[in-house]
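**Student:** the following comprises the amino acid sequence and a computationally predicted model.
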Amino acid sequence: MKSIINFLVIVLVGFATLDGLRDTFLQNNPISYVKEFASVILLLLLLLKAFGSNTKINSTFIILCNFFALFVLVICFATTKYALTSLTRGTLSFGGWSVWVKLLSFYCLMNCLFFIRIMYKDIYYNIPRLYIRFTMIYCLVTIFFIGTGLSSHLLQRNWSGRLSIGYPTMDSLVLIVAIIFSIYFLHKKSARIFSIAVFTGVLLMQNTASGYIMLLMLFLFSIFFMKGIYKVLSLVFISCFCLIGFYIYNYWYVNMGDYGILLVDKINGFVLGNDTSSIEIRQQQISTLMNDMNSYLLYVIFGKGGDEAYLVENTYYALYGCVGVVGISLFLLLFVFFFLKIPKSFSNSTYYSHGIIISVVYLISCAGLIGFYLFPMIFILAYLVSLYSFSEASHEQIIKAL
């Protein structure tokens, strides 16, 4: 049984890190459904094991998460089936029941990771290192295709201004989480430095506003809450980052092709607050969503289901469109709980430290992604739920024993 559980975890972590490359090489391929199928099978196997071994659930938090997740699943099912959505969603031609399936996947993953933490502790605590390995594969593949010029043949992933062959905004979150895992879970100094350097380089290649903001936030955390070399390197990086950004914005961008033009556009929109094409499109999407949702009080409260989730590429507005005020309130309450679980010591890197930082960058990434539809974001949220379902002291005791 344990080998099967371990295999399914490897499959799920693989999808949670490499899913941005899936459409690059296997577009419209049935392999897309493997991750949902694997999460359901894994949960069934773990439930059988739990019932057979009379496993006790002592976490009130996971019980509440189950109740609210099932509640959201029921709401989303009803609204997707019965709410009338006839709006044109521009280039976004997906949604509907696939959103409900992703929410079901989150429910399964959340419980899978909780039970794995109880019954297969060595597998659970190996997840961060497994995540790092798969992300390194993503980086090596990206560097190879960009470096050799073969990326120009990947027409469906030939992003203008981005040195990426995946889904840049989503992959930026995967990379930043891999950096955080590297800081906290790679004990060999050379491996840690190498991983952070590669992940940071490939993150900059994505050229996304959320990626830059998440990276800046990570280094700010390092300055204020960490000690030693991380504090010094973070100060140096932020200084160099700002200085190079200034020269690119004012002088060098003209020689950097589409990458430089897009970077200047991001600075204009997200730093200087000027209206850009992407911001104008987002404002139009928000206006359309709000007009549609405000047409009926029940839509405001419970949403309009999966189709409405795709009017705006933003998790907060998408949640409002999908499951209304009820859904977005539960989502925000979940993160309030996360932030209340303060680590015992940031400077000593106690176990909750990495969870708080991941929570912050996750919320930043939600501004430019529909998080509950993308499997890597679903996986990270499920990991955070499992992390905070147990006390920090119990995590540290088990890690010492392993």
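**Tutor:** Happy to help now that I have it.
**Student:** pull the number of nearby residues for Cys240.
**Tutor:** Cys240 has 10 neighbours, counted by other Cβ atoms under 10 Å. Bear in mind the C-beta positions are built from the backbone N, C-alpha and C, glycine included.
**Student:** which elements pack onto whichever strand or helix holds it?
**Tutor:** Assigned by DSSP states H and E, Cys240 belongs to helix 229-250. Counting contacts by 3 or more Cβ pairs under 8 Å, 6 or more residues apart in numbering; DSSP states H and E, helix 229-250 packs against helix 209-225, helix 257-266.
**Student:** and the first one, what does it pack against?
**Tutor:** Think helix 209-225. Helix 209-225 packs on helix 168-185, helix 189-206, helix 229-250, helix 352-365, going by 3+ Cβ pairs under 8 Å, 6+ apart.
**Student:** just say which of those helices is most tucked in.
**Tutor:** Scoring those by mean neighbour count under mean count of other Cβ atoms under 10 Å gives helix 168-185 as the most buried, with a mean of 25.
**Student:** packing partners of that helix?
**Tutor:** Using 3+ Cβ pairs under 8 Å, 6+ apart as the test, helix 168-185 ends up in contact with helix 2-25, helix 127-148, helix 189-206, helix 209-225, helix 352-365, helix 375-388.
**Student:** Tyr107: which of these is closest?
**Tutor:** Among the helices and strands packed on helix 168-185, the nearest to Tyr107 by Cβ to Cβ is helix 375-388 (8.7 Å).
**Student:** wait, which of the helices and strands packed on helix 209-225 is closest to Arg162?
**Tutor:** helix 168-185 (4.9 Å).
**Student:** quick one: buried residues of the one helix or strand Ile328 maps to?
**Tutor:** For Ile328, the element it lies in under DSSP H and E is helix 315-340. By 16 or more other Cβ atoms under 10 Å, the buried positions in helix 315-340 come out as 315-324, 326-328, 330-331, 334-335, 338.
**Student:** can you list the helices and strands packed on helix 209-225 in TSV and add mean pLDDT and distance to Tyr125?
**Tutor:** Converted to TSV, these look like this (pLDDT from 0 to 100; distance: least, Cβ to Cβ, whole Å):
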stretch	mean pLDDT	distance to Tyr125
helix 168-185	93	9
helix 189-206	92	17
helix 229-250	75	22
helix 352-365	93	12
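**Student:** need those helices in CSV with distance to Pro128, can you?
**Tutor:** Shown next, in CSV, are the helices and strands packed on helix 209-225 (distance: least, Cβ to Cβ, whole Å):
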stretch, distance to Pro128
helix 168-185, 4
helix 189-206, 11
helix 229-250, 17
helix 352-365, 8
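**Student:** quick one: closest of those helices to Asn111.
**Tutor:** helix 352-365 (18.2 Å).
**Student:** what helices or strands is that closest one leaning on?
**Tutor:** Packed next to helix 352-365, using 3+ Cβ pairs under 8 Å, 6+ apart, are helix 168-185, helix 209-225, helix 315-340, helix 375-388.
**Student:** of the ones you listed, which is nearest Ile238?
**Tutor:** helix 209-225 (5.4 Å).
**Student:** put the alpha carbons of the closest one into PDB.
**Tutor:** Backbone C-alpha positions of helix 209-225 (Å, rounded to 0.1, in the frame of the first residue of the first chain) are rendered in PDB as follows:
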ATOM      1  CA  ALA A 209       4.500  41.500 -12.400                       C
ATOM      2  CA  SER A 210       3.300  39.000  -9.800                       C
ATOM      3  CA  GLY A 211       6.600  37.200 -10.000                       C
ATOM      4  CA  TYR A 212       8.600  40.400  -9.400                       C
ATOM      5  CA  ILE A 213       6.300  41.300  -6.500                       C
ATOM      6  CA  MET A 214       6.500  37.900  -4.900                       C
ATOM      7  CA  LEU A 215      10.300  37.800  -5.200                       C
ATOM      8  CA  LEU A 216      10.500  41.300  -3.600                       C
ATOM      9  CA  MET A 217       8.200  40.200  -0.800                       C
ATOM     10  CA  LEU A 218      10.400  37.100  -0.100                       C
ATOM     11  CA  PHE A 219      13.500  39.200   0.200                       C
ATOM     12  CA  LEU A 220      11.700  41.600   2.500                       C
ATOM     13  CA  PHE A 221      10.800  38.700   4.700                       C
ATOM     14  CA  SER A 222      14.400  37.700   4.700                       C
ATOM     15  CA  ILE A 223      15.600  41.100   5.700                       C
ATOM     16  CA  PHE A 224      13.200  41.500   8.600                       C
ATOM     17  CA  PHE A 225      12.800  37.900   9.900                       C
END
